[in-house]
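Undergrad: predicted model, plus sequence, below.
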Amino acid sequence: MEVRKAVLPVAGWGTRFLPATKAMPKEMFPIIDKPVIQFIVEECLDAGIENIVFVTGRHKRPIEHHFDINTDLEKHLENAGKTELLKNIMEISRITNPIYIRQKEQLGLGHAVLVAEPVVGYEPFIVSLGDVIIKDEENILTKMIEVYKKFGKSVIAVFEVEEKDVSKYGIIDGRHIEKDIYIVDNLVEKPKVAEAPSKLAIVGRYLFTPRIFEKLKITPPGKGGEIQLTDAIKLLLEEEAVYAIKINSRVYDTGTPLGYITTILDFALQREDLREEIIRYIRSLIVEIPEV
């Protein structure tokens, strides 16, 4: 069965960025001139995903506006002769036919995925977290779909982190079966360094068979009363294999203030129109800032 749908859970409160996220979703924060969520959507479309399912909340309407057609703005840009900006705006509005479904209560990532079941139906689907940008010459979702087609089972994307950072991520315990492919035996959510089974961290990209919905329905709430996706995957492991693909990509976590700032800085340094001035500014700061 073809993978045609991607679920993007974007209903979270974004409390790490309050008060900014009181009125603006963190997924709409700009990486210079493009919001984070657009990078995620473009990655899905590049992988041939036809339907983008946003699991939203009542405070996430700006995401819907971003992917909608704004005829007034388009007319203004056309009259002003700003053809390049007009082209960009029109592409944003026409790159996808989005589907929106409400998560009425923020009860965890697992619950957000379960909310999408009526739209996804009984078919395989992608889950892409809305605050993680992956930069790679090859599309990561395309690689995951290839693994799914080979084995017919769920696939998790992982990347290797430093030992000191394992406590920040969900970590897999798995057996290497071929180049960059593992079969997952267990998952441990944010383990202590001494208890981590590996340094392979889940990176916010999943491809699930529809059986994950069965497991989400019987997953008991965990910390904070939330239904954890990791717990549902553990239940899935009891009945069918789950695979992991190790990626060697640059991973940008925009979900924390430090991660967001470093993402902007990295992307600015990769742009010809900004690079020289940014480097010049950084060098001036290094001279001025005293040693800590």
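TA: The structure has been received and is ready for your questions. Numbering: from 1, shown residues only.

Undergrad: G110 and E226 touch, don't they?
TA: Yes. Using Cβ atoms under 8 Å, G110 is in contact with E226, at 7.4 Å. Using the backbone N, CA and C atoms, a C-beta is placed for each residue, glycine as well.

Undergrad: who has more neighbours, those two?
TA: Neighbour tally, G110 and E226, criterion other Cβ atoms under 10 Å: the higher count belongs to G110, 24 against 16.

Undergrad: tell me the pLDDT of the most centrally placed residue in the chain.
TA: Closest to where the C-alpha atoms of the chain average out (Cα atoms, centre = their mean) is L129, at 2.6 Å. L129 carries a pLDDT value of 94.

Undergrad: kindly report the same for E291.
TA: As predicted, E291 sits at a pLDDT of 63.

Undergrad: show me where the stretch 101-250 of the chain has its strands.
TA: 125-128, 132-135, 154-160, 170-178, 181-189, 200-208, 242-246, 250-253 (DSSP state E, counting those that start in this stretch).

Undergrad: which one, of those, ends up nearest to T15?
TA: Using Cβ to Cβ as the measure, strand 250-253 is the one of the strands of the stretch 101-250 of the chain that comes nearest T15, at 15.6 Å.

Undergrad: can you mark which positions in that closest one are buried?
TA: 251-253 (16 or more other Cβ atoms under 10 Å).

Undergrad: please identify the most buried of the strands of the stretch 101-250 of the chain.
TA: strand 125-128 (a mean of 26; mean count of other Cβ atoms under 10 Å).

Undergrad: for K153, what are its contacts?
TA: The contact partners of K153, by Cβ atoms under 8 Å, 6 or more residues apart in numbering, come to 209, 240-243.

Undergrad: hmm, back to that, list just the nearest of the buried residues of strand 250-253 to P25.
TA: Closest approach to P25 among these (Cβ to Cβ): D253, at 16.4 Å.

Undergrad: returning to what we had before: return the closest of the contacts of K153 with respect to L114.
TA: Proximity of the contacts of K153 to L114 (Cβ to Cβ) peaks at T209, which lies at 14.5 Å.

Undergrad: what's the domain layout of this structure?
TA: The chain breaks down by automatic domain parsing into domains covering 5-253, 256-292.

Undergrad: return the most buried member of those domains.
TA: domain 5-253 comes out most buried of the domains of the chain by mean count of other Cβ under 10 Å, with a mean of 17.

Undergrad: next helix or strand past the helix or strand where H76 lies?
TA: Assigned by DSSP states H and E, H76 belongs to helix 71-79. Heading C-terminal from helix 71-79, the first helix or strand you meet, by DSSP H and E, is helix 83-94.

Undergrad: circling back to that earlier point, and the strands of the stretch 101-250 of the chain as JSON lines, adding distance to K215?
TA: Shown next, in JSON lines, are those (distance: least, Cβ to Cβ, whole Å):
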{"stretch": "strand 125-128", "distance to K215": "14"}
{"stretch": "strand 132-135", "distance to K215": "23"}
{"stretch": "strand 154-160", "distance to K215": "10"}
{"stretch": "strand 170-178", "distance to K215": "16"}
{"stretch": "strand 181-189", "distance to K215": "13"}
{"stretch": "strand 200-208", "distance to K215": "10"}
{"stretch": "strand 242-246", "distance to K215": "11"}
{"stretch": "strand 250-253", "distance to K215": "26"}
